[in-house]
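Novice: Here is a sequence with its predicted model. Questions after.
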Amino acid sequence: MPLTCNTLGGMYALTVFTPIMAHRLDEVRAFLRGLPPQSSPLQRLEMVHFARWVIVPDFVSAPSQPRPEHLPSPYLLFSATFDGTLDAFLDDLCDKLASEAETIWGCCTGAPAPACGAALKAYLKHNQIQTGLFFAAYPDASVTTVKRALETRSKAIAFAAQAQTMEVQALREAFIQEFAP
Amino acid sequence: MLRLKAGRTASLAASGTSVRNVDGEAVALTVFSTVRRWGLLELPLFFLFIRRGKNSLSTLRQLSFIHAARWSLVRRLPANGTQPVIRLRFPHLYFESNFNGGWEEYIDAFSYVLTLGMWGFWGSSYGFPRALPSGPFKQYIRDNEFDANHYYSAYPEATATVVLSALEIAPKVDALRGQVATMSAEQFHAAWQALLTDGQACL
């Protein structure tokens, strides 16, 4: 059994850690902060459950460690929990997030210029951190399955409230009207 | 609920962390800690032990507010452009979680439920103060935490418990939907009542 494992059920845990060019740190920080939370570009990646970009200026050194350790430059951490395979996800990212990806990883050392397409995919794979342990509460449920289940549950709750006062005959008809495909 | 911008909100229940770590009910936790050299051996074996154990992840499932979490050991940074490969003097442990609820309550629950397991995860990290009491551990996490610059959840309105409930009840509703056309009104009424009784914890 391998010592690292990026998958659990149908989910994949991707972590990418890339060095940021010092003179472009403010640019990438401003861009990420400007991404609208109410309409994140990550919404375009339908297989993504959760994702984040985090700028890590430097490692934190504990007072008890023998010597401090510093990163050679600020780093950009990107992580995503998604359905399916890494190749399919990165292809999707490079396609549907092309503009944002080019701006974000274009600020990183060693990234292709322009940061897009197959070259960006290779760069992200090159800087992947393998996952030691991955936990997911519902590893076999895709984003589509989760969203659909949440919608069904909401409809069932609303219907249950309405149904309390319905006659037997009306209940069946109302259910068909509400839930019929 | 604290409204951020139209459509998405940050839950007041998620107080105790930066608003940038929050998307609706979902909260991001991002932590790097410095690991003693013996952690290079202990952590991979501990991860392997948990992955191989049939019930090892069940304790994490008890923490019903976690959607997903991961731990990774970073030993080297690959070469990029003019920057050569860097072998870190100390390995670093990366931990991230996607959870719901309050930050303080989350760390408290981690400490109380995973007390022994916590040593397995962070015992090799410099400065780890033990899981209990939880106060020093919370400070340790705060000291080593990084705020997200952008965080995204595909279903920000749902807690992990709600997702699990929905995944349990939806197939039952779907099954009833498939059968309703062949049922009399009385049969459907009985089936609906049975669904409500059976699935009431999910609604």
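Specialist: Looks like it arrived, so ask away.

Novice: Check whether B:Val180 really touches A:Ala174, as I assumed.
Specialist: No. B:Val180 is beyond contact range of A:Ala174, at 10.8 Å (criterion: CB atoms under 8 Å). Yep, even glycine has a C-beta here, placed from its N, CA and C like the rest.

Novice: Contacts for stretch B:112-120 next, please.
Specialist: Among residues not part of stretch B:112-120, those counted as contacts by CB atoms under 8 Å, 6 or more residues apart in numbering or on different chains are B:42, B:46, B:50, B:59-60, B:62-63, B:110-111, B:121, B:130-132, B:134, B:137.

Novice: at 10 Å instead, please
Specialist: B:42-43, B:45-47, B:49-50, B:56, B:59-60, B:62-63, B:71, B:110-111, B:121, B:123, B:128, B:130-132, B:134, B:137 (CB atoms under 10 Å, 6 or more residues apart in numbering or on different chains).

Novice: can you tell me which residues contact residue 164?
Specialist: Assuming you mean chain A. A:Gln164 neighbours (CB under 10 Å, 6+ apart): A:Leu171.

Novice: I was after chain B.
Specialist: Listed by CB under 10 Å, 6+ apart, the contact set of B:Leu164 reads A:Ala137, A:Tyr138, A:Ala141, A:Val146, A:Ala149, B:Arg61, B:Ser64, B:His67, B:Ala158, B:Cys202.

Novice: shaky segments in chain B?
Specialist: Scanning chain B for pLDDT under 70 picks out B:1-15, B:54, B:56.

Novice: per the record, what domains does it have?
Specialist: Per automatic domain parsing, the domain ranges recorded for chain B read B:2-144, B:160-202.

Novice: Which of the ones you listed sits closest to A:Leu25?
Specialist: Closest to A:Leu25 of the domains of chain B is domain B:2-144 (CB to CB; 15.0 Å).

Novice: next one: the closest one to chain centre, how far?
Specialist: How far domain B:2-144 lies from its chain's middle: 9 Å, per CA atoms, centre = their mean, to the nearest Å.

Novice: before we move on, what about stretch B:141-156?
Specialist: 11 Å.

Novice: Start and end of that stretch, how far apart?
Specialist: 24 Å (CA to CA, to the nearest Å).

Novice: closest point of chain A to chain B, which residue?
Specialist: At 2.9 Å from chain B, A:Gly110 is the closest residue in chain A, using CB to the nearest CB.

Novice: Just list whatever residues bridge to the nearest residue to A:Ser142 once chain neighbours are set aside.
Specialist: Distance criterion CB to CB, 6 or more residues apart in numbering or on different chains; nearest residue to A:Ser142, sequence neighbours excluded, is A:Asp83 at 4.5 Å. Beta-bridge pairing for A:Asp83 (DSSP bridges): A:Met11.

Novice: so A:Asp83 touches A:Tyr138, yeah?
Specialist: No. Using CB atoms under 10 Å, A:Asp83 is not in contact with A:Tyr138, being 11.4 Å away.

Novice: Now the common contact residues for those two.
Specialist: A:Gly9, A:Gly10, A:Met11, A:His49, A:Thr145, A:Val146.

Novice: per-domain residue ranges of chain A.
Specialist: A:7-126, A:143-179.

Novice: picking up where we left off before, check the contacts of stretch B:112-120 for burial and list the buried ones.
Specialist: Neighbour counting by 16 or more other CB atoms under 10 Å in any protein chain shown classes B:42-43, B:46-47, B:50, B:60, B:63, B:71, B:110-111, B:121, B:123, B:128, B:131, B:134, B:137 among the contacts of stretch B:112-120 as buried.

Novice: Would you report which members of those are assigned to strands?
Specialist: Counting by DSSP state E, these place B:Trp71 in strands.

Novice: which is the next helix or strand following the helix or strand A:Lys121 falls within?
Specialist: Using DSSP states H and E, A:Lys121 sits within helix A:117-126. Note on helix A:117-126: by DSSP H and E, the next helix or strand toward the C-terminus is strand A:133-136.

Novice: Which residue, other than its chain neighbours, is closest to the residue nearest the centre of chain A?
Specialist: The centroid of chain A falls nearest to A:Ala51 when counting by CA atoms, centre = their mean (2.6 Å). Leaving out its chain neighbours, the residue that sits closest to A:Ala51 by CB to CB, 6+ apart is A:Ala80, at 4.1 Å.

Novice: now the helix or strand where that neighbour lies: how far from the chain's centre is it?
Specialist: Assigned by DSSP H and E, A:Ala80 falls within strand A:75-83. Between the centre of strand A:75-83 and the centre of its chain there are 6 Å (CA atoms, centre = their mean).

Novice: C-alpha coordinates for that strand, CSV please?
Specialist: The C-alpha coordinates for strand A:75-83 follow below in CSV (Å, rounded to 0.1, in the frame of the first residue of the first chain):
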residue,chain,number,x,y,z
TYR,A,75,4.2,30.7,-1.9
LEU,A,76,0.7,30.2,-3.3
LEU,A,77,-1.3,27.3,-2.1
PHE,A,78,-4.2,26.0,-4.1
SER,A,79,-6.3,23.1,-2.9
ALA,A,80,-9.4,21.5,-4.4
THR,A,81,-11.6,18.7,-3.4
PHE,A,82,-13.3,17.4,-6.6
ASP,A,83,-14.9,14.5,-8.3
